[in-house]
Structures are given as structure tokens and as C-alpha cells.
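Student: After the sequence you'll find the predicted model.
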Amino acid sequence: MNAWLGKISGLAVTLSIVVPAGLGQGTFLFTNSNQARTVPFTDCEGRAVAGEGYRVEVVVRNPKTGAVDSNVELLQKDLTWTKLTSVGMLEGKAAGIFSGGTVRVPSVAPGHEAQLTIRSWQLASGADFASAKVRGETNITVKLGGIGSPPSFPTRMRALQGLKLCPVK
């Protein structure tokens, strides 16, 4: 065994993962807590919203068609991918924060920009964003990470400036 290791000790080994240009596998972290900078979601009076009574969703546009990308997926704890759904807000000292996990965007390759719409609403005012009477949304652009060349970690949504949920007039 040692003789074999000695023979290959002078070799440099490179592992390369090639993603065809037509396949996107860009990723980002679906959270408004960005390490040193956290941008809480609040109500119109500036109080942090908290709990499952508030929902947050992200909508991603396919850069080629401009249509909503319905194939966006969320990484589960068992390392499988499932369709992305809305998430609730955290509570207590973490009020105003959501943490949805790693999201994969099939239509955008790593290193390229994705157009995101972040939407949040009060569940008591409507079952979804469109019907909610208390809601807010914002658009941001993020450069995605993921398995590309070079590979990178999922991008954080640093462009997110926070969000106020207010009654719709």
C-alpha cells in the first residue's frame, strides 16, 4: 500500500464537475438573516412579525421567458429536493426573521443573476399572498452560487432590505 501511495504522491489530482450550459443549478439561502446583517420583517408600526401566522414565499422568474419558474426546489433535511412552499416567521428573539433553507433554481446557472420577488403576508388576512389584506413584497436580484465553475456555496440574499407588511388599500 505504501509503495502505491509513494508512486502517486507526486501527482496532482483535480476533480472537475461540468454542468452543461443549458442546465442551471444555481442556489441561494432563503432567509433574511445574513450573518452580520439581519433585515427583519415588520408590520406598519415597525414591530417585528412572528410565528406561523405570517408566511413568506419567494417567486423566481425564468430569465429566458420572464415567466414564474415553477421548478424551484427546497433542500430537505434528508438531502432530497422538494417543491418550494412558503415558510413561517420565527418567534421570540428571532421575531421578524424567516429561515427557509437552501433553494435550487433550475433555470439559472451558478454565477448568474436571478430575479426574485419576496412576498410576505398575515395568514389571518388571507390564505395566500394574492388574497391577503395585510401583505408586502419586494424585488431583488441575487447572483446564485452552486455547482458551477468554480463551485460555490449558496448565495445569501444580501440585497434584501427588509419588508413592511401593511394593510392593502
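Tutor: Received, thanks. Numbers count the residues shown, from 1 in each chain.
Student: Which residues does residue 167 form beta bridges with?
Tutor: Counting by DSSP bridges, residue 167 is bridged to residue 134.
Student: Tell me, how many residues neighbour it?
Tutor: 12 (other CB atoms under 10 Å). Quick note: C-beta positions are derived from backbone N, CA and C, even for glycine.
Student: go on, residue 52?
Tutor: Per other CB under 10 Å, the neighbour tally for residue 52 reads 11.
Student: go on, residue 66?
Tutor: If you count neighbours by other CB under 10 Å, residue 66 ends up with 8.
Student: if I look at it, how far off is residue 118?
Tutor: 18 Å (CB to CB, to the nearest Å).
Student: and what of residue 41?
Tutor: Distance, residue 41 to residue 118, using CB to CB: 9 Å.
Student: again, but for residue 69
Tutor: According to CB to CB, residue 69 and residue 118 sit 15 Å apart.
Student: Can you give me the distance of the residue nearest the centre of the chain to residue 114?
Tutor: Centroid-nearest residue in the chain: residue 30, 2.8 Å away (criterion: CA atoms, centre = their mean). Residue 30 sits 12 Å away from residue 114, going by CB to CB.
Student: Could you pull out the strands in the chain for me?
Tutor: 26-31, 33-34, 37-38, 41-43, 54-61, 73-75, 81-83, 87-88, 99-105, 113-122, 134-143, 145-146, 155-156, 163-167 (DSSP state E).
Student: Please work out the average pLDDT along the first one.
Tutor: Meaning strand 26-31. The average pLDDT for strand 26-31 rounds to 94.
Student: Compute the inter-axis angle for that strand and strand 99-105.
Tutor: Here the directions of strand 26-31 and strand 99-105 differ by 160 degrees (axes from the mean of the first three to the mean of the last three CA atoms, to 10 degrees).
Student: packing partners for strand 26-31?
Tutor: Applying 3 or more CB pairs under 8 Å, 6 or more residues apart in numbering; DSSP states H and E, we find strand 26-31 packed against strand 99-105, strand 113-122, strand 145-146, strand 155-156.
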